[in-house]
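A.B. asks: Quick check, what structure comes out for this input:
(chains A and B)
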Amino acid sequence: MREIIKMIVVLTVLSAFSGGLLAAIRGGTKDKIEYQQLVFVKGPAIRTILEGCSNDPIVDRFKIKDGDIERSFFVGVFDGKADTVAFESFGKGFGGDIGLMVGINIDDDKIIGMGVTTHSETPGIGSKAKTDPKFSDQFKTLGLVQSFKVKPDGGKIDAISGATVTSRGVCGGITEAGSVYKRLKPQIAEKIKEFN
Amino acid sequence: MAKSITQEFVKGLWDEIPPFRLVLGLCPTLAVTKSVENGLGMGVAVIFVLVCSNMLVSLLRNIIPSKVRIACFIVIIATFVIVVELLMQAYTYPLFLKLGIFIPLIVVNCIVLGRAEAFAYKNGIVRSIVDGFGIGTGFTISLVALGALREVFGSGTFLEIPVFGPSFQPFTFMVEAPGAFVCLGLMLCMMNIAGNK
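C.D. replies: As a prediction, the model looks like this:
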């Protein structure tokens, strides 16, 4: 009996100690990990979109609560003026969700660029959405008023050959980004003033 | 009978060098040694876990009841592995992405559990730390050696710096899984020839 109690006590104390230590380290590294993930997963896309900006968009970011989720917005400063935000949205692709980073100029509500962050599309076919600038550049300077569609669906975007589903997914993601942007525009305009 | 502290350290470098002599921990050895950098990162993570877990197991060896010792070892090891995982995510994120699942899998690495069971549970704290450090260093050296061999022939680079001229055709077999087995076998073979003299 004594032995059993000893076992229980030792295991309990050990687990409690372990839990405490991990919680402390997790708390201490949380912000750092979040920053690293932004730099290495979303960083490349953000940098291509906000090319030429004079600040570090990964440092200059803010969050807005949108219903249940919290969205991160990255600020781009051009010619000394913080007038561009980039944020992530998702579209349904061929192999799952496609993560998109969309940059929008808040003065004229036009897209200044977009890039794919994460995807699980077919390598060499659907993956061109991420690697082929010819596809992603089509979205540049488009206004956000219309819903985006590929040509076969009556839209203006040239689909990647052999990857219509992926292209459709990207268009859906951009359309979604547009509606999020319109919904949150007042808050974005409010928050971005801090960076001017 | 009892070895000196130096001997405890040195044995990990040749006599009991983990993947070759003990033939333990083969899964990460084969999987992560595509390049020198990966091997080194994995090795350092294992050194940290080994030293910390050996220290703690040795410190608690009179408190831990022998019937639940394995469970206690696993709790201790798992804790340190997650510590390493969080630290790697925070400071060396690209390396963490490359090593992926093999960092959490250090928990079930036979070397770490084996040293806790076979050494730290029976020996004093200083000796256990030295043992962990020695075995860990041996493991790191093996991973770096294997990684160097595979990286140099498989991609023609060392630490991502090209070592051959532009006309070099990479022997891609070496960086794939079967190449890992062949490399490991050849190195074991050479070590046995050298050891038999």
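A.B. asks: Now for residue 15: which residues touch it?
C.D. replies: Using chain A here. B:Val75 (Cβ atoms under 8 Å, 6 or more residues apart in numbering or on different chains). The way it works is simple: take the backbone N, C-alpha and C, and place the C-beta from them, glycine included.
A.B. asks: ah, I was thinking of chain B
C.D. replies: So B:Asp15 contacts B:Arg21 (Cβ under 8 Å, 6+ apart).
A.B. asks: Those residues of chain A touching chain B, which are they?
C.D. replies: Within chain A, the positions adjacent to chain B are A:3, A:6-7, A:10-11, A:14-15, A:18, A:21-22, A:25-26, A:29, A:32-33, A:36-37, A:39-40 by Cβ under 8 Å from any Cβ of the partner chain.
A.B. asks: redo that, cut-off 10 Å
C.D. replies: When proximity is defined as Cβ under 10 Å from any Cβ of the partner chain, chain A approaches chain B at A:3-4, A:6-11, A:13-15, A:17-22, A:24-26, A:28-41.
A.B. asks: So for the chain, which residue is the most central one in space?
C.D. replies: Just so you know, I chose chain A. Closest to where the C-alpha atoms of chain A average out (Cα atoms, centre = their mean) is A:Glu88, at 2.7 Å.
A.B. asks: ah, no, chain B please
C.D. replies: B:Phe139 (3.6 Å).
A.B. asks: how close does that one sit to chain A?
C.D. replies: Per Cβ to the nearest Cβ, to the nearest Å, B:Phe139 is found 24 Å from chain A.
A.B. asks: mind listing what that residue touches?
C.D. replies: B:12, B:17-20, B:22, B:24-25, B:28-29, B:39, B:42-43, B:46-47, B:50, B:109, B:111-112 (Cβ atoms under 10 Å, 6 or more residues apart in numbering or on different chains).
A.B. asks: again, but for B:Thr6
C.D. replies: B:Val130, B:Gly134 are the contacts of B:Thr6 under Cβ under 10 Å, 6+ apart.
A.B. asks: ok so it is a strand residue?
C.D. replies: No: B:Thr6 sits outside any strand when classified using DSSP: H, G, I helix; E, B strand; the rest coil, being helix.
A.B. asks: Return the set of buried residues in the longest helix anywhere in chain B.
C.D. replies: When chain B is parsed with DSSP state H, its longest helix is helix B:125-154. The neighbour-count check on helix B:125-154 (16 or more other Cβ atoms under 10 Å in any protein chain shown) flags B:127-154 as buried.
A.B. asks: so after that helix, what's the next helix or strand?
C.D. replies: Scanning forward in sequence from helix B:125-154 by DSSP states H and E, the next helix or strand is strand B:157-158.
A.B. asks: Show me what that next one packs onto, helices and strands only.
C.D. replies: Under the contact criterion of 3 or more Cβ pairs under 10 Å, 6 or more residues apart in numbering or on different chains; DSSP states H and E, strand B:157-158 touches helix B:36-59, helix B:125-154.
A.B. asks: Swap in 6 Å and give it another go.
C.D. replies: Other helices and strands packing on strand B:157-158, by 3 or more Cβ pairs under 6 Å, 6 or more residues apart in numbering or on different chains; DSSP states H and E, are absent; none qualifies.
A.B. asks: so how far is that strand from its chain's centroid?
C.D. replies: Computed by Cα atoms, centre = their mean, to the nearest Å, the separation of strand B:157-158 from the middle of its chain amounts to 21 Å.
A.B. asks: ok, residues contacting it?
C.D. replies: B:Glu151, B:Val152 (Cβ atoms under 6 Å, 6 or more residues apart in numbering or on different chains).
A.B. asks: Quick check: next helix or strand after it?
C.D. replies: Proceeding N to C from strand B:157-158, the next assigned helix or strand is strand B:161-162, under DSSP H and E.
A.B. asks: quick check, A:Met114 in a helix?
C.D. replies: No: assigned with three-state DSSP, A:Met114 falls outside any helix and is strand.
A.B. asks: tally of neighbours for it?
C.D. replies: By the measure other Cβ atoms under 10 Å in any protein chain shown, the count of residues near A:Met114 is 27.
A.B. asks: In chain A, where's the longest helix?
C.D. replies: helix A:2-37.
A.B. asks: Helix or strand next in line after that one, which one?
C.D. replies: Next along from helix A:2-37, by DSSP H and E: helix A:43-49.
A.B. asks: which other helices and strands contact that next one?
C.D. replies: strand A:97-105, strand A:110-116.
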